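Visitor: 3D model of this:
(chains A and B)
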Amino acid sequence: MDLLEYQGKQLFARHGLKVSDGHAVTTVEDAVSAANEVGYPVVVKAQVLIGGRGKAGGVKLAADEAQTREHAKNILGMDIHGHTVRKLWIEHASDIATEYYASVLLDRSAKQPLVMFSTEGGVDIEEVAEQTPEKLVRYHVDSLRGLSREEAVQIATDGKADADVIEGVADALVALYEVWMQEDATLAEINPLIVTPDRTVKALDAKVSLDGNALYRHPENQGLSDAENEDPIERRAKEQGVQYVALDGDIGILGNGAGLVMSTLDVVAQAGGRPANFLDAGGGSDAAKVKQAVELILSNPSVKAVLFNIFGGITRCDEVAKGLIAAFEDLKPSVPFVVRLDGTNDVAGRELLEQAALPNVYAAKTMNEAAERVVALAKGAGA
Amino acid sequence: MSVLVGNDTRLAVAGITGREGSFHTLNNRRYGTNVVSGVTPGKGGQDVEGIPVFDSWADAARETQPNTAMIFVPPRFAADAILEAAAAGVALVIAITEGIPAHDELRVYNTLKRDFPNTRLIGPNCPGILSPGKANVGIIPASFFKEGNVGVVSRSGTLTYQIGNEIAQAGFGNSSIVGIGGDPVPGSSFVDIIALFEADPQTELIVLSGEIGGSAEEEAADYIAAHVTKPVLAYIAGFTAPAGKQMGHAGAIVSGSSGTAAAKAQALEAKSVRVGRTPTEVAELAVQILRG
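Guide: Predicted structure coming up:
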């Protein structure tokens, strides 16, 4: 679960990281009163879960009330790479002497937390890693012990932070590690971590991802998702306990098991089609859940044909067939379906479908045959 | 032979008294797996169709000497169940549970490494291990597989069934099928299991089924080039997955430019591992190799 900048900064502040005072607002008027409160100059920052805000015009400096009003008006509602700006973060503008970079993330390969620090802040850190790897310190922490202050000082020293802010950077690293550890984050990143002319070390931005599986331990973090910018079908799927990811094609996909569904998307793409979604109905789906899943898929108006690809293990094919039949009774879909059923109770499932003789439903024997068929049907329906 | 589970398996199950836990435990026993006990705190002294239940792993270990643990408890209790089984001396822990917090997985992985180096963890969030004709531990539908010489290791359950079934339909079988799970910090990696298949005399061909996210497939490619003499085939799911979106499994996510299916396929092919573009193609390649 990715957090907006201001949500990340609130977590930072809770753990003693220095951030600027500010307010999250949704209207121009509130932006102006927030700016008056924190004092000019202010920065007006679009709150969206996508990089490149600055270049897209979503971050502006305002010297007075009139400028704040103008920028807030322009940025609210702006589209930044497909994300609509609904919220602004207004903070007092910081004087910047130096920009650093700091992060803590889960290194899946080393199976330990990785702390990274660089004096090359404010730029794309992947570029720094590639072009000047010697300027990026990478330090694996023993997660059973945690990050000590001595280690943090060493990281800051190895990274060649200015001598007079080694202590300040070390404090920031220790606090950032605490955020990562205590909030069940998978990523906590500050870019840039700034040094002000009076030599204060401060987080000017925040990028935090929290582990959704651990939210039960953090009731205070449960409201932090960017619900307004979530795809509405994805949000409904989550409520129903189904994994749905919106894609930009026209072939609806339903399968069981994440790996098989991903594979189905690939096979459809290889057959020349464009999947409209990823939908994992999960193991042990009963008829009611399958029917709900069909509703989700069909609520996307771009869908021109639907593919069911089931290899039943825990999932029983007769339950899937019953769900599809129930969905047809209720929804009377106008698009064709291709259904491939294999695995537990597949014979019973195929018989049920044959007896029901649903209009526009085609059985396929293999995954490849099913993919080719659904691509042809989607193209035919579009012509 | 086979790897990890077989005729010597003595299985104890955490969460045996739950609905899913008892259903799959009994399924495993019906297949021929030797299930010796179950563990549910507070239910010691009861039994599940004749399988004795104990309050703790220490009790179960003392009374029934399990060498394999299966974990079926809810996510918030799973980490402690795994560590308790390890502390009781169980050498192989297979965690089926899905949805364990990543930080718990990290703690379990590193605690096992430091305090219980002789315990091997498979999973979590995995379908378990099947050695056809010998033993089944987990939720793999065993009826679709038969005994043979193909070793399969996979991050995904149903995708394994798809590939395994196509190989079975062509007349071949499996030595063992090992699901390592789709989470960010699995207890065992492709490399760990490939090493076991390399050493297993029954296994003549190894099939690796990977997916987007992380770098386990790339690490497997390097390992195979340096240490494996048997033929290895691979499949990678998620070529069309968009960046930044989690595709079902917690570990299946393309972050920035890393973890893509294309990069994984390339890394494997660069080390002369053939990569099938569809599950069907993997099965066809397997059959070609097996028929010589």
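
Visitor: Averaging pLDDT per element, find the lowest-scoring helix or strand in the chain.
Guide: Using chain A. Within chain A, no helix or strand scores below helix A:232-240, which has a mean of 85 by mean pLDDT, DSSP states H and E.

Visitor: right idea, wrong chain: chain B
Guide: Every helix and strand of chain B was ranked by mean pLDDT, DSSP H and E. The lowest is helix B:157-169, at a mean of 88.

Visitor: which of the residues in that one are buried?
Guide: The neighbour-count check on helix B:157-169 (16 or more other Cβ atoms under 10 Å in any protein chain shown) flags B:Gly157, B:Thr158, B:Leu159, B:Thr160, B:Tyr161, B:Gln162, B:Ile163, B:Gly164, B:Asn165, B:Glu166, B:Ile167, B:Ala168 as buried. Placement of C-beta: from N, CA and C, glycine included.

Visitor: Tell me which residues touch the third one, please.
Guide: What that stands for is B:Leu159. A:Gly257, A:Gly259, A:Leu260, A:Met262, A:Ser263, B:Ser209, B:Glu211, B:Tyr235, B:Ala237, B:Pro279 (Cβ atoms under 8 Å, 6 or more residues apart in numbering or on different chains).

Visitor: again, but for the second one
Guide: Taking Cβ under 8 Å, 6+ apart as the definition of contact, the neighbours of B:Thr158 are A:Gly255, A:Asn256, A:Gly257, A:Gly259, A:Leu260, A:Phe311, A:Gly313.

Visitor: Okay, it and B:Ile253: tell me how far apart.
Guide: As judged by Cβ to Cβ, to the nearest Å, B:Thr158 and B:Ile253 stand 19 Å apart.

Visitor: Repeat that for the first one.
Guide: With distances defined as Cβ to Cβ, the gap from B:Gly157 to B:Ile253 amounts to 18 Å.

Visitor: now stretch A:147-167: mean pLDDT?
Guide: For stretch A:147-167, mean pLDDT is 97.

Visitor: do stretch B:255-263 as well
Guide: Taken as a whole, stretch B:255-263 has a mean pLDDT of 84.

Visitor: and that stretch, which residues are buried?
Guide: B:Ser255, B:Gly259, B:Thr260, B:Ala261, B:Ala263.

Visitor: now do the same end-to-end measure for it.
Guide: 13 Å (Cα to Cα, to the nearest Å).

Visitor: Just confirm B:Ala237 contacts A:Ala269, I think it does.
Guide: No. Using Cβ atoms under 8 Å, B:Ala237 is not in contact with A:Ala269, being 11.8 Å away.

Visitor: ok, which pair from the contacts of B:Leu159 is furthest apart?
Guide: Distance extremes for the contacts of B:Leu159: the farthest pair is A:Gly257 and B:Tyr235 at 14.1 Å, using Cβ to Cβ.

Visitor: what helices or strands is the least confident helix or strand of chain A leaning on?
Guide: strand A:243-246, helix A:287-298 (3 or more Cβ pairs under 8 Å, 6 or more residues apart in numbering or on different chains; DSSP states H and E).

Visitor: which residue sits closest to the residue in chain B sticking out farthest from the centre, ignoring its sequence neighbours?
Guide: The outermost residue of chain B, judged against the average C-alpha position, is B:Gly45 (30.7 Å), by Cα atoms, centre = their mean. The shortest distance from B:Gly45 to any non-neighbouring residue, by Cβ to Cβ, 6 or more residues apart in numbering or on different chains, is to B:Val53 (7.1 Å).

Visitor: And the strands in the stretch 51-200 of chain B?
Guide: B:51-54, B:68-71, B:92-95, B:120-122, B:128-131, B:135-138, B:147-154, B:174-179 (DSSP state E, counting those that start in this stretch).

Visitor: which outside residues touch the fourth one?
Guide: Put plainly, it is strand B:120-122. So strand B:120-122 is contacted by B:4, B:82, B:86, B:91-95, B:108-109, B:112, B:128-129, B:178-181, B:186-188, B:192 (Cβ under 8 Å, 6+ apart).

Visitor: who does the one residue sitting closest to the centre of chain B bridge with?
Guide: The residue lying closest to the centre of chain B (Cα atoms, centre = their mean) is B:Gly179, at 2.5 Å. Beta bridges link B:Gly179 to B:Ser154 when assigned by DSSP bridges.

Visitor: I figured it hits B:Gly157, correct?
Guide: Yes. With contacts defined as Cβ under 8 Å, B:Gly179 counts as touching B:Gly157 at a distance of 5.7 Å.

Visitor: Give me the common contacts of those two.
Guide: B:Cys126, B:Pro127, B:Ile140.

Visitor: What about chain A: which of those residues touch it?
Guide: B:Pro127, B:Ile140 (Cβ under 8 Å from any Cβ of the partner chain).
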